[in-house]
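> Just need the structure, nothing else, for what follows:
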Amino acid sequence: MSIDATIKAKRINEISPYGDGYNRRIEIDVEDLEIAEAVKADEIVSEYDVDDLLDAIGESDVINWLEGNGYTVEKD
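Numbering: from 1, shown residues only. Model prediction:
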């Protein structure tokens with residue numbers, strides 16, 4: 001996954017370089033990262049499997065969203 005963002009965090013714990021040449025990267029360990037202001041949901045959603053997203057959102061929130069958008073939800 002590759003996203004461009006400027007982030008806000010409480011603290012940077014560690015910066016670790018890895019890779020060589022063009023693939024050189026850094027890994028940054030931060031605390032209290034404020035990701036919602038830096039990255040829009042539609043920029044990261046495509047990086048995840050739909051089942052993982054729905055599980056993370058939670059059944060009741062998904063049902064509420066569906067019903068709020070005119071769908072009828074019935075449990076089998």
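> Check the gap between the spatially most central residue of the chain and Ser2 for me.
For the chain, the residue lying nearest the average C-alpha position, counting by Cα atoms, centre = their mean, turns out to be Ile44 (5.4 Å). Separation of Ile44 from Ser2 (Cβ to Cβ, to the nearest Å) stands at 11 Å. The way it works is simple: take the backbone N, C-alpha and C, and place the C-beta from them, glycine included.
> Next: Tyr71.
The span separating Tyr71 from Ser2 equals 34 Å under the rule Cβ to Cβ.
> Is Ile12 in contact with Asp32, as I believe?
No: in this structure Ile12 lies outside contact range of Asp32 using Cβ atoms under 8 Å: 10.8 Å.
> Let me see the contact set for Ile7.
Residues in contact with Ile7, defined by Cβ atoms under 8 Å, 6 or more residues apart in numbering, are Val30, Leu33, Glu34, Ile35, Ala38.
> Ala9 - how many residues pack around it?
15 (other Cβ atoms under 10 Å).
> Backbone torsions only: list them for the nearest residue to it once chain neighbours are set aside.
If you skip the residues right next to it in sequence, Ala9 has Val30 as its closest partner in space, 4.0 Å away by Cβ to Cβ, 6 or more residues apart in numbering. When quoted as degrees, to the nearest 10, the phi and psi of Val30 stand at phi -130, psi 160.
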